[in-house]
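Asker: compute the structure for the input listed below.
(chains A and B)
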Amino acid sequence: MVFARSTFVALAAAAALAACSQSAPPEKTAAAASADLNAPSQLVMRRLTGEQYKNVMTDVFGPTIDFGGRFEPDMRTDGLLAIGSSHIGVTAAGMEQYDAMSRTIARQIVDPAHRDMMLSCKPKDVKAADDACVRQIIDEVGLLLYRRPLTDAERDAFVTAARLATDKTQDFYTGLSLSLASMMSSPKFLFRAETATPVRGKAGEYQLDAYSTASRLSFFLWNSGPDATLMQAAAKGELSSPRGIAKQVDRMLASPRVESGVRAFFVDFLGFDEFENVTKDTALFPKFSTQAASDAQEQTLRTIIDVVLTNKGDYRDIFTTRKTFLTKELGAIYQVPVVSYLPNGSPDAWQPYEFSADDNRAGIMTHMSFTALHSPSGRGSAVLRGKAVREVLLCQKVPAPPGDVNFDLINDTTNYRTARDRLAAHTREPMCAGCHKITDPMGLALENFDAAGAWRTTEGGVTLDTSGAVDGKTFTGPADLGKVLASMPAATSCVANRMLGYALGRAPDRAQISSLEKSFATAGYRIPALMRLIATSESFTRVKPEAAPTQTASVPAHATN
Amino acid sequence: MPSFKKTAAIAALLTSVSALIPGAAFAAESKSFVVGWFSHATNNTDDDCGPGGPNPTVQDQYIKDLKDLGMSGEEIEALIKERDANEEGPNRFAEIIRTRGRVDGKPVNPYMYPSTVKDPEWKQLVGDKAYGFDLDNKGPDQPGSFTNVDTKQKGIDHKLYRALGCSRPFRGSLEGRPTYWDWLWGQLKDSQPAWIVTITGEDLSKDGEVTITFDRALEFLSSNVDGTPRADVTYRIDPDPRSHNEMKGKIENGVVTGSMNGMFRMFQNPLGMPEFRLHDAKFDFKIRRDGTADGFIGGYQPWADLYFAFASGGQAIEQCIVGDIPGLYYLLKKNADAFPDAKTGVNSAISAAYYMEAVPAFAVPAADARYNRVAGN
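Answerer: Predicted coordinates:
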């Protein structure tokens, strides 16, 4: 079965790419009329990510649930999987996985070891149907999985299915598990379909209904479904007012669960999903392992969380901080002592670590998660790393190389010992020079890190020169590059841009970003403040009808069966 | 959230390693290495066992052993056929072999009591080049001594090499690892405590006096994805003083040499012995430009330690890896060249040189409150 994309979702038209110039142009976003953070956004229907699926299940049924399946790959659009999630469906093979997982989970919920804890009622007779008990369970679970109260028709269908299955199997719990599994593999759970309602007193204007608002808030701030308090607020109509929303946003931002939301955003923002495809030549980089790759991502996430949440710091500090967290595995790669005090053979323990002031590791660009992720398997790549700085951290689009480009000089390590020499030779070609001026200076600053993220001072026996200049600002090496990046307005506008897109499920327009960027600056570039600005903005809840490709604009009514 | 005091804490830990080293209190620099390969030093060539080559395989030796027990060729052939027809189950062949020792005509375990088996008179090495040290300082005229492969120094005492040099599992070179050691290392490196060598001196980039310590770690050796030892891993030093060894020495052109009087001891070592011991050890260790190091440690080794490391595996190890175990007993006993027993006059130790390769490591003391809390000791 394949679920068609929502007809009320229109793909943003791709902007034409500008040719490379001295300075990379900002990435073009979806064209839209002039708007700011009060402008309505669009209704979207997003597929739950694998992490969101797990988070919801864990919230509802507890941490002991074993999922026993795999999720379909996500798709990156406009720099984010969160935006791509509204452009993807489910393949037949993916549906089989969802079905298998839902049956696996449902079996665990009703098994004797879990049922007393997870289910709120017991049947009068385990060999007979008990509609009242099933109805109670279905209502409770359905509210959390569908993120809204079930309709009568939905509830009746699940109760009937459970009864028929119980009659056939003479087992109440088998019948119940069938209905639960059915609910868990329903598109109403797997997709976050948003619905709109007219704004009272404003003809032609729409806003998310209360439960859609609750979902948007919860997945944005916590990367999971709404909790009971948020659902109660939705039921009471409190989410239809800015004041009611702000109250919930403040509550959610004060919760420890916000770390999950911030982590999810930065995993998406930094493209850590690409680590699934990262391999290194083991003959050249024998320290690189799947554990090291996993630890590298966690290192950066812990560092970011420490800066932006624990210490409530300035976002820009992530480019310069020397404070981080390491495991023994990473200590071996970074060539610093990291002691594990767990029994021998235990998983590595995380230890806080601060690189010294004269160390060239400072900021997330010098982390293995950045340098190794943006390198081929056999060598580092100044071009890929420079491109990643531009595209990932500054939201500036770097055009792909022309199809007929000659890579001979780039691969000539005999006559050109360092990447700087090779790129200098390569960029004598005018057709190459434009784009390389954008990528290479920053990429060359990271040449001190090999393809697996380990420190090096030479290449081909030649001492590396990692100094340079970008946008008129000079730097002496990788740590200094972080300072330059932190001073670039594009760095903060980029994270604001991406976070707004992440929250809305659509690439924001320029006016929205501009407005948000000013408020972000006023808030001292604090990430929780940015999240609050977005979550309490009218753009977050106001929606507009959008012209479907072949039909006139329409806003769907509340979801039907 | 823990506070960021890691740099200072690590510095303190590293500094306190020096506290383990008497005389190193004023040392300005330490370099630690984790041993990533250890075996007796070999330098075998095709012709170093004389005519006929190395000693027979264990299967050929078994046939000789059976003949020594008085069995006829037909009986032996029938026994082998019976064994081959029943490879998975118990068989008389195995039973006879593992009880082939004789005391008053009664069968006994030949591994525990190797002298109850007739000496198979295995060959020993006839070559004259080896790695190692002039342990007795008697110079070039000592019979049976070797010439150093690299330095050409004469009078090298390495009777262990002479004893084992013609037994197939122990033949090899520094590059071509002997089968026995390679197998054993592979079996144990991921579970036995790693060995840590620390060189401490005023300035290790210059020639000068150094202190060399050998310690056991609380962790086993960390390996790379390709199985090679992983560099730059942090190990905690086992506070048990029984595995702490210290030598005085010097560094000259990047080569560290040292020696100690008394017994060098490492408990639960990676070579299958409950304790690795060397009398009056000497050390020669080259620090390479890539940060790795390799070299030798030599001394007089109580040969019973080594024999029982071989013998403790019984017939399974004899048949699969080591070869004829009583044969090794006689070779070790005949080549033992030091520390005679006061009563019997039999030498209890054999001159030996071991080769090691090491990669850089961080060594910190284990005496830390956090560790104690977790480990409960």
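
Asker: using the three-state scheme, assign the residue nearest to B:E121 when sequence neighbours are not counted.
Answerer: Among residues not flanking B:E121 along the chain, B:Y330 sits closest, at 7.4 Å (CB to CB, 6 or more residues apart in numbering or on different chains). C-beta here means a position set from N, CA and C on the backbone, and glycine is covered the same way. Classification of B:Y330 using DSSP: H, G, I helix; E, B strand; the rest coil returns helix.

Asker: can you list the low-confidence ranges for chain B?
Answerer: The model of chain B has pLDDT under 70 over residues B:1-27, B:269-271, B:367-377.

Asker: where along the stretch 151-300 of chain B do the helices fall?
Answerer: Taking DSSP state H, counting those that start in this stretch as the criterion, the stretch 151-300 of chain B contains helices spanning B:159-164, B:179-188.

Asker: which of those is buried the deepest?
Answerer: Compared across the helices of the stretch 151-300 of chain B, helix B:159-164 shows the largest average neighbour count, a mean of 29 (mean count of other CB atoms under 10 Å in any protein chain shown).

Asker: my guess is the residue nearest to B:E121 contacts B:P120, does it?
Answerer: Yes. Counting by CB atoms under 8 Å, B:Y330 touches B:P120, with 7.2 Å between them.

Asker: can I see the domain layout of the chain?
Answerer: Let's take chain A. Chain A breaks down into these domains under automatic domain parsing: A:47-192, A:264-486.

Asker: my question was about chain B
Answerer: Using automatic domain parsing, chain B is parsed into the domains B:39-49+B:122-375, B:58-116.

Asker: what about whichever residue of the stretch 151-300 of chain B sits closest to chain A, how many neighbours?
Answerer: Relative to chain A, the nearest point of the stretch 151-300 of chain B is B:N224 (3.4 Å; CB to the nearest CB). Look at B:N224: counted by other CB atoms under 10 Å in any protein chain shown, it has 18 neighbours.

Asker: show me the contacts for the closest residue in space to it that isn't next to it in sequence.
Answerer: Excluding the flanking residues, the one nearest B:N224 by CB to CB, 6+ apart is A:P286, at 3.4 Å. Shown in contact with A:P286 (CB atoms under 8 Å, 6 or more residues apart in numbering or on different chains): B:224-226, B:228, B:230.

Asker: mind doing that once more with 7 Å?
Answerer: B:224-226, B:228 (CB atoms under 7 Å, 6 or more residues apart in numbering or on different chains).

Asker: tell me which two of these sit farthest apart.
Answerer: B:V225 and B:T228 (8.8 Å; CB to CB).

Asker: which residues does the residue lying closest to A:R316 once chain neighbours are set aside contact?
Answerer: Distances taken as CB to CB, 6+ apart put A:A486 closest to A:R316, at 4.0 Å, once the chain neighbours are dropped. Residues counted as contacts of A:A486 (CB under 7 Å, 6+ apart) are A:316, A:319-320.

Asker: host element of residue 52?
Answerer: You didn't say which chain, so I picked chain A. When secondary structure is defined by DSSP states H and E, A:Q52 falls within helix A:50-61.

Asker: if you could check chain B rather than the one you did, that'd help
Answerer: Using DSSP H and E, B:G52 falls outside every helix and strand.

Asker: the residue nearest to it when sequence neighbours are not counted is in what secondary structure piece?
Answerer: Computed as CB to CB, 6+ apart, the closest residue to B:G52 that is not its neighbour in sequence is B:K123, at 7.8 Å. Of the helices and strands defined by DSSP H and E, none includes B:K123.

Asker: got a list of what B:K123 touches?
Answerer: B:49-50, B:55, B:166.

Asker: and the stretch 101-250 of chain B, which residues reach chain A?
Answerer: Proximity of the stretch 101-250 of chain B to chain A (CB under 7 Å from any CB of the partner chain) is limited to residues B:218-220, B:222, B:224-226, B:228, B:230-234, B:236.

Asker: determine the number of other residues adjacent to A:P352.
Answerer: A:P352: 18 neighbours (other CB under 10 Å).

Asker: my guess is it meets A:F325, correct?
Answerer: Yes. When contacts are counted by CB atoms under 7 Å, A:P352 is listed as touching A:F325 (5.6 Å).

Asker: A:P337 looks like it's in a strand, true?
Answerer: No. A:P337 is assigned coil when assessed by three-state DSSP, not a strand.

Asker: so how far is chain B from it?
Answerer: 4 Å (CB to the nearest CB, to the nearest Å).

Asker: look at that residue and report its pLDDT.
Answerer: According to the prediction, A:P337 has pLDDT 92.

Asker: so what's it closest to, chain neighbours aside?
Answerer: Spatially, and ignoring its direct neighbours in sequence, A:P337 is nearest to B:F362 (3.6 Å; CB to CB, 6+ apart).

Asker: the one you found in helix, strand or coil?
Answerer: Under three-state DSSP, B:F362 comes out as strand.

Asker: and A:P63, by the same measure?
Answerer: coil.

Asker: could you check how far it is from B:C49?
Answerer: 65 Å (CB to CB, to the nearest Å).

Asker: A:M499 now?
Answerer: Applying CB to CB to A:M499 and B:C49 gives a distance of 75 Å.

Asker: need the winner for burial among the domains of chain B.
Answerer: For those, the highest mean count by mean count of other CB under 10 Å goes to domain B:39-49+B:122-375, at a mean of 19.

Asker: of all the domains of chain B, which one comes closest to A:D227?
Answerer: A:D227 sits nearest to domain B:39-49+B:122-375 of all those, at 34.8 Å, using CB to CB.

Asker: run through the strands of chain A in chain order.
Answerer: A:45-47, A:191-193, A:196-198, A:206-208, A:323-326, A:351-354, A:458-459, A:462-463, A:468-470, A:473-475, A:542-543 (DSSP state E).

Asker: and the fifth one, what does it pack onto?
Answerer: Contact partners of strand A:323-326 among helices and strands, from 3 or more CB pairs under 7 Å, 6 or more residues apart in numbering or on different chains; DSSP states H and E: helix A:290-305, strand A:351-354.
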